[in-house]
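Asker: this is the structure alone, sequence omitted:
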């Protein structure tokens with residue numbers, strides 16, 4: 001059975017999805033049709049290092065979304081801030097994707113949508129995306145992948161889980 005014989009039931013590989021979304025977003029930008037507030041096309045990122053739960057990344061040079069599948073981190077630079085999010089939706093832990101409409105993130109399982117700063121927009125989720133603990137260290141950010149804040153139970157910590165650039 002080839003990968004084209006699934007009659008719509010085939011899971012889409014993350015790499016294929018990101019490539020397709022990147023091409024689509026680039027085409028919209030080139031045509032001047034990118035949605036208001038859209039960031040650069042999502043791209044993969046590799047950690048500079050990892051020591052225990054601390055994962056080090058270069059500070060993103062421009063606004064955009066980067067996915068680190070290995071460490072299950074979404075790194076976002078937007079409007080002068082860098083955020084780190086858990087890769088999974090807070091509703092039922094499905095992997096989040098860049099929203100094809102260009103407005104943030106999307107959970108394909110239950111149609112939940114989020115802004116680039118992790119704020120919940122719509123869908124079956126009941127809260128914002130989980131923000132990972134993040135701190136600046138020179139030209140890098142360090143993300144603790146074992147510690148995150150939930151906006152409904154830790155609103156002050158959730159709001160502070162960002163780095164200003």
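Answerer: Received the coordinates, thanks. Keep in mind that what you see is a predicted model, and the values were worked out from it rather than measured. Numbering: from 1, shown residues only.

Asker: mind naming the longest strand for the protein?
Answerer: Longest strand in the chain, counting residues (DSSP state E): strand 140-149.

Asker: summarise which helices and strands it is packed against.
Answerer: Packing partners of strand 140-149 (3 or more C-beta pairs under 8 Å, 6 or more residues apart in numbering; DSSP states H and E): strand 54-58, strand 73-78, strand 81-86, strand 131-137. (C-beta placed from N, C-alpha, C; glycine too.)

Asker: residue 41: which of those strands is closest?
Answerer: strand 73-78 (13.1 Å; C-beta to C-beta).

Asker: now stretch 54-62: buried residues?
Answerer: 54, 55, 57, 60 (16 or more other C-beta atoms under 10 Å).

Asker: quick revisit: tabulate the helices and strands packed on strand 140-149 (CSV), appending mean pLDDT and distance to residue 163.
Answerer: As requested, the helices and strands packed on strand 140-149 are exported to CSV (pLDDT from 0 to 100; distance: least, C-beta to C-beta, whole Å):
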stretch, mean pLDDT, distance to residue 163
strand 54-58, 98, 11
strand 73-78, 95, 9
strand 81-86, 96, 4
strand 131-137, 97, 5
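
Asker: what's the closest of these to residue 65?
Answerer: Once the helices and strands packed on strand 140-149 are compared by C-beta to C-beta, strand 73-78 is nearest, at 5.3 Å.

Asker: sheet partners, orientation included, of the closest one?
Answerer: Strand pairing for strand 73-78, using DSSP bridges, gives strand 64-68 (antiparallel), strand 81-86 (antiparallel).

Asker: now do the shortest one: distance to the chain's middle.
Answerer: The reference is to strand 64-68. 6 Å (C-alpha atoms, centre = their mean, to the nearest Å).

Asker: out of the strands paired with strand 73-78, nearest to residue 143?
Answerer: strand 81-86 (4.2 Å).
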